[in-house]
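Trainee: Dropping the sequence and predicted coords here.
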Amino acid sequence: GENVEQHPSTLSVQEGDSAVIKCTYSDSASNYFPWYKQELGKRPQLIIDIRSNVGEKKDQRIAVTLNKTAKHFSLHITETQPEDSAVYFCAATFSVDSSYKLIFGSGTRLLVRP
Amino acid sequence: DAGITQSPRYKITETGRQVTLMCHQTWSHSYMFWYRQDLGHGLRLIYYSAAADITDKGEVPDGYVVSRSKTENFPLTLESATRSQTSVYFCASSEPQQGNTQYFGPGTRLTVL
């Protein structure tokens, strides 16, 4: 079935340390993998995405890696700061006929301790 | 983000009432989506639409109805609200030709008493 699993559900790190969130997806045809950050009471906001023809993408302190063979992708945040505290969601595309949809993981609550 | 709006932002209703949540986008994106967000469940897809007059079920469509007569609007109707439909509802839109990035509306917090 269409499924995206995300781990861990909560993550607490010390300011300055790195944080890694992992996701697996079920459909080998999935070709787009975004990551969203959601602060309390706000809407989800895209922070980085990766497509299936790329193995890694970096944007300043955040990076995403994709392993298509194993069907998993990860978000890496380096030098974490208190403002990184939020809930992070991964997602993967699933195609239905000629249309597509995004299925989200269940989220990771990241707490960065000052 | 200002290009996608939802109304109302907050709604309290009673069990059995019909409720319609509105979503409007100004980007002419072909795709629109409805999600519900509950603690512990993340974002679950209710319905989506690839274009006007085309709608498809998502993960949790039961109890909801959608329509898309115009590209810019995608209303979600709860025909007979139940307490289990108490949730935060997010609308989103995307354009595959612009990379599939989904942009979310501000959300509607719905409480069913």
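Mentor: In hand now; what should we look at? Here the structure is a predicted model, which means the values were calculated and not measured.

Trainee: Could you pick out the longest strand of chain A?
Mentor: Using DSSP state E, we find that the single longest strand of chain A is strand A:86-96.

Trainee: Now look at that one and say if it contacts chain B.
Mentor: Yes: using C-beta under 8 Å from any C-beta of the partner chain, strand A:86-96 reaches chain B at A:89, A:93, A:96. In short, each C-beta sits where N, CA and C put it, glycine included.

Trainee: So for the nearest residue to the last one once chain neighbours are set aside, what pLDDT did the model give?
Mentor: Translated: A:Val96. Distances taken as C-beta to C-beta, 6 or more residues apart in numbering or on different chains place B:Asp56 nearest to A:Val96, at 6.5 Å, with adjacent residues excluded. pLDDT for B:Asp56: 93.

Trainee: Could you list the residues of chain A in contact with chain B?
Mentor: Residues of chain A lying close to chain B by C-beta under 8 Å from any C-beta are A:2, A:6, A:32, A:34, A:43-46, A:49, A:89, A:93, A:96, A:98-107.

Trainee: beta partners of the residue nearest to A:Val96?
Mentor: Counting by DSSP bridges, B:Asp56 is bridged to B:Tyr48.

Trainee: By neighbours, which of the residues of strand A:86-96 next to chain B wins?
Mentor: Most neighbours among those, by other C-beta atoms under 10 Å in any protein chain shown: A:Phe89, with 26 neighbours.

Trainee: pLDDT score assigned to that residue?
Mentor: For A:Phe89, the predicted pLDDT is 97.

Trainee: so it touches A:Gln6, yeah?
Mentor: Yes: taking contacts as C-beta atoms under 8 Å, A:Phe89 lies within contact range of A:Gln6: 7.3 Å.

Trainee: hey, what's in contact with both of those two?
Mentor: Counting by C-beta atoms under 8 Å, 6 or more residues apart in numbering or on different chains, the shared contacts of A:Phe89 and A:Gln6 are A:105, A:107-108, B:42.

Trainee: Pull out the buried residues from stretch A:95-108.
Mentor: A:99-108 (16 or more other C-beta atoms under 10 Å in any protein chain shown).

Trainee: May I ask which two of those residues are separated the most?
Mentor: Farthest-apart pair in those is A:Ser99 and A:Thr108; separation 28.2 Å (C-beta to C-beta).
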